[in-house]
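How does the following fold in three dimensions:
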Amino acid sequence: GVFLPGLGTFAMVQEQFWGEKEVFTVRRPVFQLDIDGAYLQEFMFQTVSIPGNAKINPLNYRWLSQTTSFPRYILEDCVRESILLYSFQLRNRQHPSFTFKNIGILSCQDDVLCMRFYYECVTGLESKASWIALLHT
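Numbering: from 1, shown residues only. Reported below is the predicted structural model:
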């Protein structure tokens with residue numbers, strides 16, 4: 001998993017679901033929101049629990065710097081400012097979507113804040129029982 005301070009944690013959970021004749025163990029993406037409560041007073045959002053044994057790392061700015069050719073301090077400032085801007089827009093009753101390339105979209109509709117994962121993100125984690133993972137994501 002990856003932790004973005006001020007926004008939340010992206011992780012992968014493994015769960016078991018019972019079929020008619022067998023048990024399916026599937027991996028699926030989850031997002032645990034971690035925005036300051038002052039910004040979320042008027043919103044509903046799903047509470048997601050990430051298991052305590054899940055390996056969660058901070059965003060790897062060094063790797064991002066190497067792959068984008070931007071200095072690390074610029075990337076850190078850009079991420080921090082983007083999260084602050086998104087939080088302020090929520091607080092001011094604006095409902096922008098926050099897009100994460102190859103992952104999904106964090107959006108707010110009818111005062112419900114939710115993370116919608118792209119089909120490819122879900123099926124990329126689970127090839128054996130992807131339809132079950134899609135239904136439960």
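
Bridging across strands, which residues link to residue 4?
Under the criterion DSSP bridges, residue 4 forms beta bridges with residue 8.

Quickly note the distance from it to residue 78.
To residue 78, residue 4 is 12 Å away according to C-beta to C-beta, to the nearest Å. Heads up, the C-betas are built off the backbone N, CA and C, glycines and all.

Look at the two and report which has more neighbours.
Legend: neighbour count by other C-beta atoms under 10 Å for residue 4 and residue 78, higher for residue 4 (17 against 12).

remind me which residues of the chain are low pLDDT?
Judged by pLDDT under 70, the chain has its weakly predicted residues at 36-41, 127-137.

Name the residue closest to the centre of it, please.
Centroid-nearest residue in the chain, with C-alpha atoms, centre = their mean: residue 31, separated by 3.5 Å.

Now the nearest residue to that residue once chain neighbours are set aside. Its backbone dihedrals?
Take residue 31 and drop its neighbours on the chain: the residue closest to it by C-beta to C-beta, 6 or more residues apart in numbering is residue 115, 3.9 Å away. Backbone torsions of residue 115, given as degrees, to the nearest 10, read phi -100, psi 120.

thinking residue 115 is in contact with residue 106, fair?
Yes - A contact is recorded between residue 115 and residue 106 when judged using C-beta atoms under 8 Å, the distance being 5.1 Å.
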